[in-house]
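A.B. asks: need coordinates for the following:
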Amino acid sequence: MLTRAEKEKIVRELSEKLRQAQATFVADYRGIGANSMVALRKRLREDDVEFKVVKNTLLRLAVKDTQYEPLTDYLKGPVAIAMSFGEASTAAKAITGFAEEEPNLKLIGGVLGGKPITVEDIKGLASLPSREELLAKVLGVLNNVPAGFVGVLAGVQRKLMYLLTAIKEKKEKGG
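C.D. replies: So this is what the prediction gives:
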């Protein structure tokens with residue numbers, strides 16, 4: 001049994017972590033074996049996500065008056081929270097991927113940008129490309145624009161040269 005001081009410390013630490021989190025997801029973890037839980041935590045840690053089992057009463061206290069207060073709607077039964085400190089889409093990919101492999105992990109919902117999100121929203125977020133992929137696509141487009149412009153300019157010069165050559169040949173033939 002936790003003492004009042006220990007509970008207050010847990011609430012303080014959890015509240016501090018939530019302030020740093022970019023997104024938070026709630027999942028029902030009942031039925032997951034210890035080995036699977038260790039594998040899940042390890043995989044999520046690689047994506048800068050902390051997966052934590054917390055008593056609902058302590059989590060309610062930790063989210064009170066924060067952008068994560070909507071999480072209280074999902075706190076029914078034994079749940080765990082995944083706090084993403086990096087890119088939200090990467091965290092969503094990791095947790096939905098694991099949920100597909102481990103049928104006992106059931107996503108319930110989450111909060112992103114202070115707004116509650118559903119399981120469908122989390123799956124949609126997981127399907128988004130990462131920030132790096134988006135930047136690469138933008139750079140690709142930006143690189144293609146000047147190349148295309150140069151191609152157009154070269155085409156104009158080429159057509160002018162063809163025209164001048166044709167005029168020269170026509171004059172040489174006596175036309």
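
A.B. asks: in stretch 3-16, what's buried?
C.D. replies: Buried residues in stretch 3-16, counting neighbours by 16 or more other C-beta atoms under 10 Å, are found at 10-11, 14-15. C-betas here are computed from N, CA, C, even on glycine.

A.B. asks: same thing with stretch 100-119?
C.D. replies: Taking 16+ other C-beta under 10 Å as the neighbour-count basis, stretch 100-119 is seen to contain the buried residues 102, 105-112, 116-117, 119.

A.B. asks: now do stretch 123-137
C.D. replies: Neighbour counts over stretch 123-137 (16+ other C-beta under 10 Å) mark 123, 125-126 as buried.

A.B. asks: name the nearest of those relative to Arg43.
C.D. replies: Proximity of those to Arg43 was ranked by C-beta to C-beta; the top entry is Ala126 with 13.7 Å.

A.B. asks: ok, that closest one to Phe149 distance?
C.D. replies: Relative to Phe149, Ala126 is positioned 37 Å away (C-beta to C-beta, to the nearest Å).

A.B. asks: how about Leu75?
C.D. replies: With the distance defined as C-beta to C-beta, Leu75 ends up 56 Å from Phe149.

A.B. asks: comparing those two, which shows the higher neighbour count?
C.D. replies: When Leu75 is set against Phe149 and neighbours are counted by other C-beta atoms under 10 Å, the residue ahead is Leu75, at 18 against 10.

A.B. asks: and the more buried one, what does it touch?
C.D. replies: The neighbours of Leu75, taking C-beta atoms under 8 Å, 6 or more residues apart in numbering as the test, are 26, 56, 59-60.

A.B. asks: try it again with 6 Å
C.D. replies: The contact partners of Leu75, by C-beta atoms under 6 Å, 6 or more residues apart in numbering, come to Asn56.

A.B. asks: what values do phi and psi take at it?
C.D. replies: In this entry, Leu75 is assigned phi and psi values of phi -90, psi 80 (degrees, to the nearest 10).

A.B. asks: now Thr24
C.D. replies: The main-chain torsion angles of Thr24 are listed as degrees, to the nearest 10 and equal phi -140, psi 140.

A.B. asks: and for Gly33, the neighbour number?
C.D. replies: Taking other C-beta under 10 Å as the neighbour definition, Gly33 ends up with a count of 10.

A.B. asks: against Ile81, how distant is it?
C.D. replies: 20 Å.
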